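In: have a look; sequence and predicted model below, questions after that.
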Amino acid sequence: MRGKFKFQDDFIYKMPAHFGGSPFYPIRAVYGDMLGVSVQYETDQKALLQYIPEDFELREPIVSVQYTNCRDVVWMAGGEYRLIQVSAPVTYMGNSEGLSGDYALVVWENKTCPIIGGREEDGVPKIFADIANERRVENHWFTNASYESCTFLKIDFNQQDEVSSKDIEKLNENPKVNLFGWRYLPNLGKGGATLSHATLYPQEMNIKQAWFGEGSLQWTTLTPEQHPLQSHIIKALADLPIVKYTNAMMLKCSASLNVGDSKILP
């Protein structure tokens, strides 16, 4: 006898799809309590450009490495996870809109659920890593990312002056963030892609408190034996020269990931 499952038009499905989907709804994924540490540095433009798709124009040779501890995540029933996002500032050149934002080079996350959704549905290049909870000794905050006990990134932040409430209000005047990604699925049994296009994943952030500080990064390359699927990614980022650190901040904030507004860029 033949199966009875059928896809319904205008429904959205998650793998495995045959257990059923739901009507499309423009979800706003609310994150009620977030702590982030961002470290930015200037790098060699030519070296960075080799990782930016040709549909984008690099606005300046700046790499941003952002650790975030996401808590009170509504779609996870108040759950939590941690991420480290590496991005660069770009403008999308594939149409006349002139959209500017951040192109995500890679986003490491420490739980499966947020990886699957953001990667399959929104084109954010999410992959797994063990990410330590942030710790502190007086004003020194630190965390790291690892795989199978092999640490490949350490982030340090020395907390300094708190940002004034007046400047917080100013930062919150433009809460929208355009996060760009690239959604890609390879063909089966041959080269090429079944699906390959740029994506826009709009987000909004409301800053509650912020601090200036001094940040630093320490990359450690891993061998293919230590990390068969990601050693080339880690090496590529570790090889980007740090000309100078340009900014470092720590934020306490909330956010809304506007999943319903995600779109394929023409």
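Out: It's in.
In: show me where the chain has helices.
Out: 45-49, 112-122, 165-171, 231-239 (DSSP state H).
In: for the last one, give the mean pLDDT please.
Out: Mean pLDDT, taken over the full extent of helix 231-239, equals 98.
In: next, the buried residues of that helix.
Out: Buried residues in helix 231-239, defined by neighbour count with 16 or more other Cβ atoms under 10 Å: 231, 233-237. Every C-beta, even on glycine, is put in place using the N, C-alpha and C of the backbone.
In: on that earlier part again, can I get the helices of the chain in TSV including distance to Thr246?
Out: Formatted as TSV, these follow (distance: least, Cβ to Cβ, whole Å):
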stretch	distance to Thr246
helix 45-49	14
helix 112-122	27
helix 165-171	17
helix 231-239	17
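In: which one of these lies closest to Thr221?
Out: helix 231-239 (4.9 Å; Cβ to Cβ).
In: quick one: contacts of that closest one?
Out: With contact meaning Cβ atoms under 8 Å, 6 or more residues apart in numbering, helix 231-239 is reached by 47, 51, 63, 86, 105-106, 127, 152-153, 219-224, 227.
In: list the residues that contact Glu204.
Out: With contact taken as Cβ under 8 Å, 6+ apart, Glu204 is in contact with 175-177, 255-256, 258.
In: and these, which is closest to Pro186?
Out: Nearest to Pro186 among these is Asn258, at 28.3 Å by Cβ to Cβ.
In: tell me the bridge partners for the closest residue to the closest one other than its chain neighbours.
Out: Sequence neighbours aside, Pro202 is the residue nearest to Asn258 in space, at 4.4 Å (criterion: Cβ to Cβ, 6 or more residues apart in numbering). Beta bridges link Pro202 to Asn178, judged by DSSP bridges.
In: was I right about Pro202 contacting Gly181?
Out: No - counting by Cβ atoms under 8 Å, Pro202 stays clear of Gly181, with 11.7 Å between them.
In: quick one: which of those two has more around it?
Out: Between Pro202 and Gly181, counting by other Cβ atoms under 10 Å, Gly181 is the more crowded of the two (25 against 19).
In: residues in contact with the more buried one?
Out: 103-104, 122-125, 198-199, 201.
In: also Gly79?
Out: Val73.
In: identify the bridge partners of it.
Out: Under DSSP bridges, the beta-bridge partners of Gly79 are Val73.
In: so where's the stretch 101-250 of the chain shaky on pLDDT?
Out: Residue ranges of the stretch 101-250 of the chain with pLDDT under 70: none are present.
In: what's the burial count for the nearest residue to Asn187 once chain neighbours are set aside?
Out: Distances taken as Cβ to Cβ, 6+ apart put Thr194 closest to Asn187, at 5.4 Å, once the chain neighbours are dropped. Residues within reach of Thr194, counting by other Cβ under 10 Å, total 9.
In: just the pLDDT for the closest residue to Leu240 other than its chain neighbours.
Out: Nearest non-adjacent residue to Leu240, counting by Cβ to Cβ, 6+ apart: Thr43, 4.6 Å away. We have a pLDDT of 98 for Thr43.
In: residues contacting Thr43?
Out: 61-63, 240-243.
In: repeat that with 6 Å
Out: Residues in contact with Thr43, defined by Cβ atoms under 6 Å, 6 or more residues apart in numbering, are 61, 63, 240-241.
In: surely Arg183 touches Ala198?
Out: No - in this structure Arg183 lies outside contact range of Ala198 using Cβ atoms under 6 Å: 8.1 Å.
In: the more surrounded of these two?
Out: Taking neighbours as other Cβ under 10 Å, Arg183 and Ala198 compare with Ala198 leading, 22 against 19.
In: so the more buried one sits against Ile52, correct?
Out: No - Ala198 is beyond contact range of Ile52, at 11.1 Å (criterion: Cβ under 6 Å).
In: quick revisit: can you add distance to Asn247 and give the buried residues of helix 231-239 back as JSON lines?
Out: Shown next, in JSON lines, are the buried residues of helix 231-239 (distance: Cβ to Cβ, whole Å):
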{"residue": "Ser231", "distance to Asn247": "29"}
{"residue": "Ile233", "distance to Asn247": "24"}
{"residue": "Ile234", "distance to Asn247": "23"}
{"residue": "Lys235", "distance to Asn247": "25"}
{"residue": "Ala236", "distance to Asn247": "22"}
{"residue": "Leu237", "distance to Asn247": "18"}
